[in-house]
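K.L.:
here you go, sequence then predicted model.
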Amino acid sequence: MTIQDNFKKAMRSYVYSVSIMSNVDDNKNLNAITVSSVTSVSIDPPSLLVCINKTAGIHDSIIKDSKFCINLLKKSQQDISNLCSTFQEEENRFKNDKWDTTDIPFLKNAQA
């Protein structure tokens, strides 16, 4: 087995939290993406590190306007995580009562 195979095997068994990053762009389009790594960097000023692929739909709006929400998910919220993890479901992400979309969208029942 190669080192890459061993790495993949190890990472598949690694348990970590899942979050959803959400925002609204200049055209009032709601955006959300499932992210598997959110790291706190500092308290003063409050800073987080979140890695987003440049091809992700939310990327440009995050770069243009840094206002966003990190929704820390509960174990029971796998359905919304799945909904925000694929491009095919993009138009359905906010077609439910799980979100408050009065400003920057956030999940009403997120862990934090």
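P.N.:
Cool, got the structure. As the structure is a computational prediction, the values presented were derived from the model and not from experiment.

K.L.:
give me the number of residues near residue 30?
P.N.:
16 (other CB atoms under 10 Å). Every residue, glycine included, has its C-beta placed from N, CA and C.

K.L.:
what bridges to it?
P.N.:
residue 24 (DSSP bridges).

K.L.:
my guess is it contacts residue 93. True?
P.N.:
Yes: Residue 30 lies in contact with residue 93 (CB atoms under 8 Å); the separation is 7.3 Å.

K.L.:
okay, buried residues for stretch 11-31 please.
P.N.:
For stretch 11-31, burial by neighbour count (16 or more other CB atoms under 10 Å) applies to 18-24, 30-31.

K.L.:
out of these, which comes closest to residue 64?
P.N.:
Comparing those against residue 64 with CB to CB picks out residue 23 as the nearest, at 9.8 Å.

K.L.:
residue contacts, the closest one?
P.N.:
30-31, 58, 61-62, 65, 67-69, 104-105 (CB atoms under 8 Å, 6 or more residues apart in numbering).

K.L.:
now swap in residue 20 and tell me
P.N.:
32-35, 70-71, 73, 80-81, 84, 107, 110.

K.L.:
one more pass at 6 Å, please.
P.N.:
By CB atoms under 6 Å, 6 or more residues apart in numbering, the residues touching residue 20 are 32, 34, 71, 84.

K.L.:
now, which of those residues lie within strands?
P.N.:
The strands, defined by DSSP state E, take in 32, 34, 71 from these.

K.L.:
does the last one touch residue 111 like I think?
P.N.:
I take that to be residue 71. No: using CB atoms under 6 Å, residue 71 is not in contact with residue 111; the gap is 8.2 Å.
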